[in-house]
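Participant: Next comes the sequence, and after it the predicted model I'd like to discuss.
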Amino acid sequence: MAAAQDGTDEACQELSPEEVARLEALRDGVESLLDAVTARHCDPEAVAFAAGRYAAMRIYRLHGRAEAMDFFNRCIATVEIADDLNLG
């Protein structure tokens, strides 16, 4: 996240367990909705592109290009690690 106006770095702030649980539930709910839309339309690629486009544009508007690119790079790295772990 971008540095706050008071000079502190928001990314270094700890989230409460309740906030972590709320964000995880939100993430899981969105993923479930996307899975349902994918199943209904039988087009996982179109759903992925639509969701990715929405996410990229929204994150860019909220946090700027560098943060958006960093977020997507971290997402891709997570998938690569998961794929590597599943190969063993």
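Facilitator: Done, it's in. Numbers count the residues shown, from 1 in each chain.
Participant: So what's the residue count around Val47?
Facilitator: 19 (other Cβ atoms under 10 Å). (Glycine included, C-beta is placed from N, CA and C.)
Participant: and it, what helix or strand is that in?
Facilitator: With secondary structure defined by DSSP states H and E, Val47 is part of helix 44-63.
Participant: for that helix, which positions count as buried?
Facilitator: In terms of neighbour count (16 or more other Cβ atoms under 10 Å), helix 44-63 has its buried residues at Val47, Ala51, Ile59.
Participant: For it, what is the distance to the chain centroid?
Facilitator: Mean-position distance between helix 44-63 and its chain equals 9 Å (Cα atoms, centre = their mean, to the nearest Å).
Participant: returning to that earlier point: looking at the buried residues of helix 44-63, which one is closest to Ala68?
Facilitator: Ile59 (4.2 Å; Cβ to Cβ).
Participant: from the buried residues of helix 44-63, which is closest to Asn73?
Facilitator: Ile59 (12.1 Å).
Participant: before we move on, back to that, could I get the average pLDDT for the helix holding Val47?
Facilitator: Confidence over helix 44-63 (mean pLDDT, whole number) is 98.
Participant: Can you show me the CA trace of it as PDB?
Facilitator: The C-alpha trace of helix 44-63 is given here as PDB (Å, rounded to 0.1, in the frame of the first residue of the first chain):
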ATOM      1  CA  PRO A  44     -13.300 -20.300 -17.600                       C
ATOM      2  CA  GLU A  45     -11.000 -18.200 -19.800                       C
ATOM      3  CA  ALA A  46     -13.700 -15.500 -20.300                       C
ATOM      4  CA  VAL A  47     -14.500 -15.300 -16.600                       C
ATOM      5  CA  ALA A  48     -10.800 -15.100 -15.700                       C
ATOM      6  CA  PHE A  49     -10.200 -12.300 -18.200                       C
ATOM      7  CA  ALA A  50     -13.200 -10.400 -17.000                       C
ATOM      8  CA  ALA A  51     -12.300 -10.800 -13.300                       C
ATOM      9  CA  GLY A  52      -8.700 -10.000 -14.000                       C
ATOM     10  CA  ARG A  53      -9.600  -6.900 -16.000                       C
ATOM     11  CA  TYR A  54     -11.800  -5.600 -13.200                       C
ATOM     12  CA  ALA A  55      -9.100  -6.300 -10.600                       C
ATOM     13  CA  ALA A  56      -6.300  -4.700 -12.600                       C
ATOM     14  CA  MET A  57      -8.300  -1.600 -13.300                       C
ATOM     15  CA  ARG A  58      -9.600  -1.200  -9.800                       C
ATOM     16  CA  ILE A  59      -6.200  -1.800  -8.100                       C
ATOM     17  CA  TYR A  60      -4.500   0.600 -10.500                       C
ATOM     18  CA  ARG A  61      -7.100   3.300  -9.700                       C
ATOM     19  CA  LEU A  62      -6.800   2.700  -6.000                       C
ATOM     20  CA  HIS A  63      -3.000   2.200  -5.600                       C
END
